[in-house]
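Enquirer: Here is my input, please return the structure:
(chains A, B and C)
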Amino acid sequence: MLELRDIVKIYNPGTITEMCLFQGFNLTVADGDFLSIVGSNGSGKTSLLNIICGSIPVEGGQVLINGEDITKMKEYRRYGRIGRVYQNPAMGSCPNLTLLENLSLADNKGRPFGLKKGINKARREYYREQLAALGLGLEDKLEVKMGALSGGQRQAAALIMATLTPIDFLILDEHTAALDPKTAETIMELTDKVIREKKLTAIMVTHNLRYAVEYGNRLIMMDKGQIVLEKAGAEKEATTVADVLHIFNEISIECGN
Amino acid sequence: MMKKIIAVAVILAIFATFAAGCGSKKVPVIGISQYGEHASLDNCREGFIQGLKDAGLAEGKDFTIDYQNAGFDDDIATQIAQTFSANNVAIMVGIATPAATACFAAAEDKDIPVVFTAITDPVKAKLDKGNITGTSDKLPVDAQLDLIRKIQPEAKTIGIIYTTSEPNSVSAIAEYEEKAPQYGFAIESIGVTQQSEVTLAVDTLLSKGVDCFSNLTDNNVVGVLPSILEKTNEAKVPVYGSEVEQVKIGCVAAAGIDYIALGIQTGKMAAKILKGEATAENMPYETITEFNYYINSAALAEMGLEVPAEIAEKAIESGQ
Amino acid sequence: MGSFFDLVVGTVTQGLIYALLSLGVYITYRILDFPDLTVDGSFPLGAAVAAVLLTRGVSPYLTLIVAMAVGALAGLVTGVIHVKLGVRDLLAGIITMTGLFSINLQIAGSNLAVDRATDTIFTAAPTMALFGAMPLIYRKLVVSLILAVVFKLILDAYFSTQSGLLLRAVGDNSTLVTTLAKDKGSVKILGLVISNTLVALSGAVVCHEQRAFNSTMGTGQVVFGLATVIIGTTLFKNLGFVKGTTAVIIGSILYKACIQVAISLGLPANLLKLITAVLFLIILVLGNRRKSGVNANA
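Expert: Numbers count the residues shown, from 1 in each chain, chains lettered A, B, ... in the order given. All right, here's what the predicted structure looks like:
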């Protein structure tokens, strides 16, 4: 379970550009939740993810995982239990390493990186299976440098890499936003499949209202650092894209967008 | 594949051009490796060739010169020495320590004799044993102190700037400090690590009120001598040099080695080797002891200084 | 044509000895994407340590190991300054390099020469037992070749380990290393340590070869290293079977060969650097020309 308690986030504190984003923000994500977060630019969605992962510091409040306070924990340590897929497909892998090398790195997460062979040949077949299940033909590209793959293929591989080892949370940071509509669809379906199969707790930030409505069991809409809409369970099942769009437009009009 | 062909072609082309300068010649070749372009070192080289001629050898008939300059780069000095060694030159000549060291290393298991010049301390540079000989250019510190005392009877402190990593300068400073009290001087010295610090050091010494400056043969200091003189002339503090070139630039006077004479002496030693009269192995290195007085009357006049007659009559006017 | 052959041998030897430095720079510049200026200080550091130990009668082989250890320490210092104290990469290297200038002189006293009676790795008994039959210049070639090849193979092997993969990842995409729950700072420090170990080794071997330590011998070594890495990797970019480490060694030999050509042609020393710069440019432009069409990955 993930809890954010009374989070205070101020950008550029003490300067003329000081901007208070969160003032006592609270959010709880239960185990097994698949939470979608929508909201306009600047509403605090990505900041929220960065606070969970420790990529940016907070000025107040606590971040807890399963009751343990991780507010002071360094970013890289938090990733011991968190997997993350970024908006930019290039962020999730190393372009000059082969797909196999990338997968081997991801597969070793949580263990020491010593002087053992970097590529475990015995795992090769397992990677092939995992990749074959994607249906993108990646299983035949294990020796290809990541940089030579398409954005969609890289994002699919990044998804596999992020979930290859046991994790508590999967963070999806607008991970379909940089892809063409068809590839985005494929990646979204894959994401849902992986989350279900591995029974992951996931938090997805997206601009695609349809994905937010169709996937997951919870949905929140954020605006200016606050949750303005929250739907869960059966209530969420009944929510349509039109409902969400309506509220979204209202907020946008207030903002003068 | 094209790539591979080009790569191979480049490599071949490079090595093929080596052949150009490598033909065997009848006339013995003397390879001169000079550490860098520098007035004193140039004088050494010119003197060296003069020395060979003085010994009765004719250029083109009895010897030819393969002159290379390392541009103050140790790695290039190494490669120059290798070239000499590979070409089996009759004698390798190293002007200044790094050049001589490289020559000596390249000749390690060959019979090529090495002759050096412009090295202050051949023993410390480990260039005193083996098939090697040459001349040492220790500064005439006593004569320098004596000259300053005679031109400035009232002076108390001498300012000296030197580079801490130049062994020649470090040993000269030590000698200065040891001998200064005998002439009634105190030494104010500032060590620098690079050329850009020199002018700052001048300001510091001027503010400490030194009565004059003395320059060693420190490359960093001599390299910015014009800007040093600009400051000292304004403050009316005379600067003494250690070689004729410094006096030409504007130092008031110097008791210094004549590098041309040093070169001639070295050239004569090389001639003995070339003629087979001696070997570098059994010819000990020689330290030049004679020095000349050089004066710059214009600079002296500007400082309101006069040179005692006993020195003036021996001195060589070197001002422009 | 014995002299020509000797010249080639000598030049290749220089290239191989300095290739150790190039391999070090390859790790920082190419793999870590870290322009490490420590090299100008750690190279003479290796030489200073070797010179002092040789003159004290320490086993020549041991001097190389000590020099490597001290070089590792120099890399560690730059790494800590950059990672832990948050100083920018270039500045962190400059700080260490500047400090090392004094430290090197402190270690060696001043410029230090090793006399001929002292054994180096090229003349010590174990080397003589193996290669004593050949003249010194061939022995120097063989020993340098062994050193360059051994360290190239060690590096190749290391790059394929888990730790080596992580090192390659940190220069390629440091965000990924963070999401792998690894501290990218520690990985960078490790890379700097390995790099400067090799650089100091190169300096130590140069000291053995030249029998001298000179406090200014480090000047320009970063530039040399960068040039050789870029020449090597550019020339062999499209040859998949040539490993980066091999390309860098060849780059180092080519660089020394360029200088040798300039010397043999009797070009004035003051022009040598300019000629090197022009050659460097030609190789780069040729390399880029071939690359056109392939989408360069930033």
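
Enquirer: I'd guessed residue C:205 sits against residue C:121; true?
Expert: Yes. Residue C:205 lies in contact with residue C:121 (CB atoms under 8 Å); the separation is 7.2 Å. For every residue, glycine as well, the C-beta is placed using N, CA and C.

Enquirer: Between these two, point out the one with more neighbours.
Expert: More crowded of residue C:205 and residue C:121, by other CB atoms under 10 Å in any protein chain shown: residue C:205, with 29 against 24.

Enquirer: In contact with the more buried one, which residues?
Expert: Counting by CB atoms under 8 Å, 6 or more residues apart in numbering or on different chains, residue C:205 makes contact with C:17, C:20, C:50, C:64, C:121, C:144, C:147.

Enquirer: One more: residue A:86?
Expert: A:92, A:158, A:173, A:175, C:175.

Enquirer: what separates the nearest residue to the first one once chain neighbours are set aside from chain B, distance-wise?
Expert: In space, and not counting its chain neighbours, residue A:92 is closest to residue A:158: 2.6 Å by CB to CB, 6 or more residues apart in numbering or on different chains. Taking CB to the nearest CB, to the nearest Å as the criterion, residue A:158 is separated from chain B by 33 Å.

Enquirer: does residue A:158 sit in a helix, a strand or a coil?
Expert: Applying DSSP: H, G, I helix; E, B strand; the rest coil to residue A:158 yields a three-state assignment of helix.

Enquirer: burial count for whatever residue of chain A ends up closest to chain B?
Expert: Taking CB to the nearest CB as the measure, chain A has residue A:145 as its residue closest to chain B, at 18.2 Å. Neighbourhood size, residue A:145 [other CB under 10 Å]: 16.

Enquirer: who's it bridged to?
Expert: With DSSP bridges as the criterion, residue A:145 is bridged to residue A:98.

Enquirer: give the contact list for it.
Expert: Neighbouring residues of residue A:145 by CB under 8 Å, 6+ apart: A:95-99.

Enquirer: So which of these is the closest to residue A:220?
Expert: Nearest to residue A:220 out of these is residue A:95 (CB to CB; 34.2 Å).

Enquirer: you'd agree the closest one is in a strand?
Expert: No. Counting by three-state DSSP, residue A:95 is not part of a strand but coil.

Enquirer: For it, give its distance to residue A:148.
Expert: 8 Å (CB to CB, to the nearest Å).

Enquirer: Please name the residues that touch residue 123.
Expert: Reading this off chain A. For residue A:123, the contact set (CB under 8 Å, 6+ apart) comprises A:104, A:107.

Enquirer: switch to chain C, that's the one I care about
Expert: Contacts here follow CB under 8 Å, 6+ apart; on that basis residue C:123 touches C:136, C:139.

Enquirer: So it lies in a helix, does it not?
Expert: No. Assigned with three-state DSSP, residue C:123 falls outside any helix and is coil.

Enquirer: which bits of chain A sit near chain C?
Expert: A:74-80, A:82-84, A:86, A:90-97, A:101, A:104-106, A:108-110, A:112-119, A:147, A:162 (CB under 8 Å from any CB of the partner chain).

Enquirer: Check the stretch 51-200 of chain B too.
Expert: Contacts of the stretch 51-200 of chain B with chain C, taken as CB under 8 Å from any CB, map to B:66, B:68-71, B:73-76, B:78-80, B:82-83, B:85-88, B:97-98, B:101-102, B:104-106, B:108-109, B:124-127, B:129-130, B:164-165, B:167, B:170, B:193.

Enquirer: Return the residue spatially closest to residue C:98, with its sequence-adjacent residues excluded.
Expert: residue C:41 (7.4 Å).

Enquirer: Dump the strand or helix carrying that neighbour to PDB, restricted to CA.
Expert: Using DSSP states H and E, residue C:41 maps to helix C:39-55. The C-alpha coordinates for helix C:39-55 follow below in PDB (Å, rounded to 0.1, in the frame of the first residue of the first chain):
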ATOM      1  CA  VAL C  39      44.400  12.300 -17.100                       C
ATOM      2  CA  ASP C  40      46.800  15.200 -17.400                       C
ATOM      3  CA  GLY C  41      47.600  14.600 -13.700                       C
ATOM      4  CA  SER C  42      47.200  10.800 -13.300                       C
ATOM      5  CA  PHE C  43      49.500  10.100 -16.300                       C
ATOM      6  CA  PRO C  44      52.600  11.800 -14.700                       C
ATOM      7  CA  LEU C  45      51.400  10.400 -11.400                       C
ATOM      8  CA  GLY C  46      52.000   6.900 -12.600                       C
ATOM      9  CA  ALA C  47      55.400   7.900 -13.900                       C
ATOM     10  CA  ALA C  48      56.300   9.700 -10.700                       C
ATOM     11  CA  VAL C  49      55.500   6.700  -8.600                       C
ATOM     12  CA  ALA C  50      57.300   4.300 -10.900                       C
ATOM     13  CA  ALA C  51      60.400   6.600 -11.000                       C
ATOM     14  CA  VAL C  52      60.600   6.900  -7.300                       C
ATOM     15  CA  LEU C  53      60.100   3.100  -6.700                       C
ATOM     16  CA  LEU C  54      62.600   2.200  -9.500                       C
ATOM     17  CA  THR C  55      65.200   4.400  -8.000                       C
END
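
Enquirer: Now that helix: average pLDDT?
Expert: For helix C:39-55, the mean pLDDT works out to 97.

Enquirer: what element comes up after that helix heading to the C-terminus?
Expert: Downstream of helix C:39-55 (by DSSP H and E), the next one is helix C:60-83.

Enquirer: ok now that next one, how far from the chain's centre?
Expert: Its chain's average C-alpha position is 13 Å from that of helix C:60-83, according to CA atoms, centre = their mean, to the nearest Å.

Enquirer: quick one, strands of the stretch 101-250 of chain A?
Expert: Assigned by DSSP state E, counting those that start in this stretch, the stretch 101-250 of chain A shows strands spanning A:169-173, A:201-205, A:218-223, A:226-232.

Enquirer: Pick the most buried one from these.
Expert: Across the strands of the stretch 101-250 of chain A, averaging neighbours per residue (mean count of other CB atoms under 10 Å in any protein chain shown) puts strand A:201-205 on top, at a mean of 25.

Enquirer: Quick one: residues in contact with that strand.
Expert: A:2, A:29-38, A:45-46, A:48-49, A:52, A:168-175, A:191, A:195, A:211-212, A:215-216.
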